[in-house]
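Undergrad: Sequence below, structure please.
(2 chains)
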Amino acid sequence: MAAEGFDAWLAMGGYAAYVWPAYGLALVALVGLLLWSILGTRALERRAAKLRRTREEEQ
Amino acid sequence: MTSDADMPELRAQRPVSLANPTRFFRVANRLLPWLGAATAVLFAVGLYLSLIASPPDYQQSETVRIAYVHVPAAWMALFVYVLMAVASAVGLIWRHQLALMAARAAAPAGLVFTALCLATGSLWGAPMWGTWWEWDARMTSVLVLLFFYLGYVALIDAFDDPARGQLSASILCLVGAVNVPIVKFSVDWFHTLHQGATVFRLDGPTMHASMLAPMLVMAAAFTLLFFVVLLWRMRGLRARARIAAAAATAAAEGA
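TA: Residues are numbered from 1 along each chain as shown, chains lettered A, B, ... in the order given. Reported below is the predicted structural model:
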């Protein structure tokens, strides 16, 4: 019964081909936006810190 | 002894508020872990309500579940644009760098929300309307919104002088604000294909609580995720400004 329930849920009343891609796109878009923002910022902050260190060493 | 009267630029920064960049980023960094945790919890609850706990619609069957990502994405597309327009106006009028930074950091998020809104709308329209796209007033005006976001993102980096890029993009953003009420009221002005408002209505929502709950929880999750992205991107812009300043100093010393 549980497996049938799960299959029925996956089938989404025959609209699986529309419902799941919508959630898949949302996942990719939102997780992608978040990771891009965090990793991009970290890379910029590392570069800024390195520049500051080299300046301090020069002085 | 120096007083504030002698140093107007110091006095301008005096009000105890988040308008001071140092204080802003200190508060933002303290806030970020909590915002992140709350976002994760809201998405977990929101996905459970959207995909498991809520019933199928009597007309649209299981496709109504697409609404729980489509509608929050659409609300965010508009909310982020309004925030950018207000921040751009504040930034231009009072020459407030933090406001301009906020507008700039928000733009990629708004672009993603708008694209997601159009894509999920297409996935919903195909089975329910029998078409992936129609030049309906709502869809066309959201497409125009997408172009304003694209224009802003392209324009802000298009000049050698960053101040000119910022000014051009901010003006474009303010011009595009005209489109926001058109998006919102297009379904009332033109009765074409897209359905009317069911939540933000003068006579209250016309949705059953079992469907309103997943929509509102997902909208809250989208909103918090946006603020997490906004704060991270603002930090990124601050780092970029520091890198540019260091490069400018190095160039000045070399000359």
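
Undergrad: Okay, now the unreliable bits of chain A?
TA: A:1-3 (pLDDT under 70).

Undergrad: Which residue ranges of it form helices?
TA: Assigned by DSSP state H, the helices in chain A fall at A:2-11, A:16-58.

Undergrad: how about those helices in TSV, adding mean neighbour count?
TA: Where you see a C-beta, it was placed from the backbone N, CA and C, and this is true even at glycine. As requested, these are exported to TSV (neighbours: other C-beta atoms under 10 Å in any protein chain shown):
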stretch	mean neighbour count
helix A:2-11	9
helix A:16-58	15
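
Undergrad: Can you redo the ones you listed as a markdown table, where the extra columns are distance to chain B?
TA: Formatted as a markdown table, these follow (distance: least, C-beta to the nearest C-beta, whole Å):
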| stretch | distance to chain B |
| --- | --- |
| helix A:2-11 | 8 |
| helix A:16-58 | 4 |
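
Undergrad: Indicate which one of those helices is closest to residue B:38.
TA: helix A:16-58 (14.0 Å; C-beta to C-beta).

Undergrad: Check which helices and strands the closest one is in contact with.
TA: helix B:67-93, helix B:97-129, helix B:209-254 (3 or more C-beta pairs under 8 Å, 6 or more residues apart in numbering or on different chains; DSSP states H and E).

Undergrad: Tell me who's in contact with the residue nearest in space to the middle of chain A.
TA: Nearest to the geometric centre of chain A sits residue A:31, at 1.8 Å (C-alpha atoms, centre = their mean). With C-beta atoms under 8 Å, 6 or more residues apart in numbering or on different chains as the criterion, no residue contacts residue A:31.

Undergrad: separation between it and residue B:213?
TA: According to C-beta to C-beta, to the nearest Å, residue A:31 stands 24 Å off from residue B:213.

Undergrad: Tally up the residues packed near residue B:193, please.
TA: 16 (other C-beta atoms under 10 Å in any protein chain shown).

Undergrad: if we look at the helix or strand containing residue B:186, which residues are touching it?
TA: Here residue B:186 is covered by helix B:179-189, with elements defined by DSSP states H and E. Residues from elsewhere that reach helix B:179-189, judged by C-beta under 8 Å, 6+ apart: B:77-78, B:81-82, B:85, B:137-138, B:141-142, B:144-145, B:148, B:194-197.

Undergrad: And for stretch B:130-140?
TA: B:118, B:121-122, B:125-126, B:182-183, B:186-187, B:189-190, B:192-194.

Undergrad: how long is it end to end?
TA: 18 Å (C-alpha to C-alpha, to the nearest Å).

Undergrad: Could you pull out the buried residues of that stretch?
TA: B:136, B:137, B:138, B:139, B:140 (16 or more other C-beta atoms under 10 Å in any protein chain shown).

Undergrad: number of nearby residues for the closest residue to residue B:195 other than its chain neighbours?
TA: For residue B:195, ignoring the flanking residues on the chain, the nearest one in space by C-beta to C-beta, 6 or more residues apart in numbering or on different chains is residue B:187 at 6.9 Å. Using other C-beta under 10 Å, residue B:187 has 18 other residues around it.

Undergrad: Roughly how far does residue B:187 sit from chain A?
TA: 20 Å (C-beta to the nearest C-beta, to the nearest Å).

Undergrad: circling back to that earlier point, got a quick ChimeraX command for the buried subset of the contacts of helix B:179-189?
TA: To isolate the buried members of the contacts of helix B:179-189 in ChimeraX, using 16+ other C-beta under 10 Å:
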select /B:77,78,81,85,137,138,141,142,145,148,194
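
Undergrad: Just name the closest of the contacts of helix B:179-189 to chain A, please.
TA: The closest of these to chain A turns out to be residue B:77 (C-beta to the nearest C-beta; 12.0 Å).

Undergrad: residues in contact with the residue nearest to the closest one when sequence neighbours are not counted?
TA: Closest residue to residue B:77 apart from its sequence neighbours, by C-beta to C-beta, 6+ apart: residue B:114 at 4.1 Å. Each residue near residue B:114 by C-beta under 8 Å, 6+ apart is listed here: B:73, B:77, B:142, B:145, B:146, B:149.
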